[in-house]
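**Student:** I would like to see how this sequence folds:
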Amino acid sequence: MAYGFSPKLPLTVDQIDGPYRLLKTVREIGAQNLKMLVLTNPGEKIMNPDFGVGISRYIFDQDADFNSGAIRDRVYEQTTKYLPYINLTSVEVYPRQDISNAWGVKIEYFIPGFTTREELFLNLSNDGSEGT
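**Tutor:** Just a heads-up that it's a prediction; the model follows:
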């Protein structure tokens, strides 16, 4: 039996790890937790209505003006509150030049004592898809 910290998302059947593939390093856990924090909309996490950046609400809200500063502030605020073991160094939100109605998000961070600088890239489009 293999050992790990938590299931890797999306869940994938894995005969080596057991029923599901597992995260086995602090680096993998940090990346997955940060990605989930950014993509989760406030109110989606049971018993914790404030959890989540809800980045798609900022980027694709028809009634609001886009404000990358507000997104950066929310990412920093949420990471400090819910993932205090992750230190953010920068958050960039930019329109994708190659795809219309799509945005890129680049978050640079590190986990003291475990990792050097890491980067999380998210590609968001208004059709609801997300990729890394």
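
**Student:** Against Ser6, how distant is Lys45?
**Tutor:** From Lys45 across to Ser6, the span is 16 Å (Cβ to Cβ, to the nearest Å). Using the backbone N, CA and C atoms, a C-beta is placed for each residue, glycine as well.

**Student:** Give the ranges of residues in the protein that sit below the confidence cut-off.
**Tutor:** 1-2, 61-66, 100, 126-132 (pLDDT under 70).

**Student:** Tell me where it has strands.
**Tutor:** 6-7, 13-14, 18-20, 22-23, 87-95, 102-110, 118-125, 130-131 (DSSP state E).

**Student:** now those strands in TSV, with distance to Thr79 and mean neighbour count?
**Tutor:** Below are these laid out as TSV (distance: least, Cβ to Cβ, whole Å; neighbours: other Cβ atoms under 10 Å):
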stretch	distance to Thr79	mean neighbour count
strand 6-7	18	15
strand 13-14	29	12
strand 18-20	26	13
strand 22-23	18	18
strand 87-95	6	15
strand 102-110	8	19
strand 118-125	11	16
strand 130-131	18	12
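
**Student:** Now distance to Tyr58 too, for those strands, in a markdown table please.
**Tutor:** Below are these laid out as a markdown table (distance: least, Cβ to Cβ, whole Å):
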| stretch | distance to Tyr58 |
| --- | --- |
| strand 6-7 | 28 |
| strand 13-14 | 35 |
| strand 18-20 | 32 |
| strand 22-23 | 28 |
| strand 87-95 | 8 |
| strand 102-110 | 9 |
| strand 118-125 | 10 |
| strand 130-131 | 14 |
